[in-house]
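Provided below are the primary sequence and the corresponding predicted coordinates.
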Amino acid sequence: MTIFIGADHAGFKLKKEIKEYLKRLGLKYQDLGNLVFDPDDDYPDFAELVAKRVAREKGSRGILICGTGQGMALAANKVKGAYATLACNELTGRLAREHSQTNVLALGAWTVKPELAKKIIKIWLQAKPSKKIRYLRRINKIKKIEEFCLRRRV
């Protein structure tokens, strides 16, 4: 599994720590930017890069970091096949994967300390999507909305 990671200026420092953490865990990752600190960069640029790669490469995951994580999740969810969520603690990280089958995790560098971010990432990466019918039914409804909106360009 490859993990694609991206961050804007607000998430740049936390991204560096997360990359070191992923390396210590022996996980394969690819940094899609920003590769240099730029206080004028824009989070949608990195959300789009990561979300498109995750959507194209089956079994991959994405981690996005901005100030709150909200903008990254919002932008990433515009890409068909990317299912992004914001996690603020271990429970929301685990349930995002188990209940919603997310493949992109958004974190807020202003709202989550580095040690907590690492715990969230670890549990999200380890969690398996639930096979319970109610969760599968909900995922299928989300995919139907996605298809309808793409066909109708809504």
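Looks like it came in fine.

contacts for the worst-scoring helix or strand of the chain on mean pLDDT next, please.
Lowest on mean pLDDT, DSSP states H and E among the helices and strands of the chain sits helix 133-152, with a mean of 88. Helix 133-152 is contacted from outside by Lys80, Tyr83, Glu98, His99, Ser100, Gln101, Pro129, Ser130, Val154, using C-beta atoms under 8 Å, 6 or more residues apart in numbering. For every residue, glycine as well, the C-beta is placed using N, CA and C.

and it, how far from the chain's centre?
Computed by C-alpha atoms, centre = their mean, to the nearest Å, the chain-centroid distance of helix 133-152 equals 19 Å.

one more: stretch 128-141?
19 Å.

so that it lines up with my notes, have the first residue be 21 from now on.
Understood, numbering begins at 21; the last thing we discussed is stretch 148-161.

report the buried residues of that stretch.
Buried positions in stretch 148-161, judged by neighbour count with 16 or more other C-beta atoms under 10 Å: Ser150, Tyr155, Ile159.

so Gly89 is in contact with Ala126, correct?
Yes - between Gly89 and Ala126 a contact is recorded at 3.9 Å, counting by C-beta atoms under 8 Å.

quick check: of the buried residues of stretch 148-161, which lies closest to Gly79?
Ile159 (16.6 Å; C-beta to C-beta).

quick one: Gly89 from Ala129, how far?
8 Å (C-beta to C-beta, to the nearest Å).

between those two, tell me which one has more neighbours.
Gly89 (27 against 24; other C-beta atoms under 10 Å).
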